[in-house]
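S.K.: Fold the stuff below for me.
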Amino acid sequence: MPVSVLEGAERVELTEFEYVPVVWWKPWTWNRVAASRTTRGAEWTQDDVLMLLAAQQKADDRGSHGIEMGVATDPDNQFRFKVEGPTVDWAAQALSSRQDAYYKQYDRPGEPVSRAGHLWQVRLGDEADDGQGGGESTAGPA
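M.R.: Numbers count the residues shown, from 1 in each chain. Reported below is the predicted structural model:
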């Protein structure tokens, strides 16, 4: 969504009418609407596009660690970086573990079963869950 819309700007809308006289000797019938055409201004202003491009360029200048490359490669910063972690994505870990267990029962040496088209769901369960995860079928692979 463009910044200008978030700031409350409304799109310009222009409606043009095409008139035709119906009966020339009856003035009350003159200029009936024959057609109308509504055009809307661009949703993204030039400033919106420039701000988006600037943000994209700034994001493109970041390394996989999320730090701008100019800062990451500055020799003055060589010993200033602190690394924290790792942080575990527990949902991704549970999904990977469940997928490995599921496919292991169907895989043969040198001939893994196709994983194409299989959809998996991860949801946050409560204490009453059986721990099996949700959504996947227990039947063999399709």
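
S.K.: Going by residue numbers, what spans are strands in this structure?
M.R.: In the chain, the strands defined using DSSP state E lie at 13-20, 32-40.

S.K.: distance of Ala55 from Arg62?
M.R.: Distance, Ala55 to Arg62, using CB to CB, to the nearest Å: 11 Å. From N, CA and C alone the C-beta is placed, and that goes for glycine too.

S.K.: Would you mind telling me which of the two has the busier surroundings?
M.R.: Legend: neighbour count by other CB atoms under 10 Å for Ala55 and Arg62, higher for Arg62 (14 against 11).

S.K.: How about the contacts made by the residue nearest to the more buried one when sequence neighbours are not counted?
M.R.: Setting aside the residues directly before and after it, Arg62 is nearest to Glu68 in space (CB to CB, 6 or more residues apart in numbering), at 5.6 Å. Glu68 is in contact with Lys58, Asp61, Arg62, counting by CB atoms under 8 Å, 6 or more residues apart in numbering.

S.K.: Trp44 versus Leu53, what's the distance?
M.R.: To Trp44, Leu53 is 11 Å away according to CB to CB.

S.K.: circling back to that earlier point, between the contacts of Glu68, which sits nearest Phe79?
M.R.: For the contacts of Glu68, the minimum distance to Phe79 (CB to CB) is 20.8 Å, reached by Arg62.

S.K.: isn't that closest one right next to Met69, touching?
M.R.: Yes: counting by CB atoms under 8 Å, Met69 is a contact partner of Arg62 at 6.9 Å.

S.K.: Mutual contacts of the two, please.
M.R.: Joint contacts of Arg62 and Met69 (CB under 8 Å, 6+ apart) do not exist.

S.K.: Among the contacts of Glu68, which one lies nearest to Pro109?
M.R.: Arg62 (42.3 Å).
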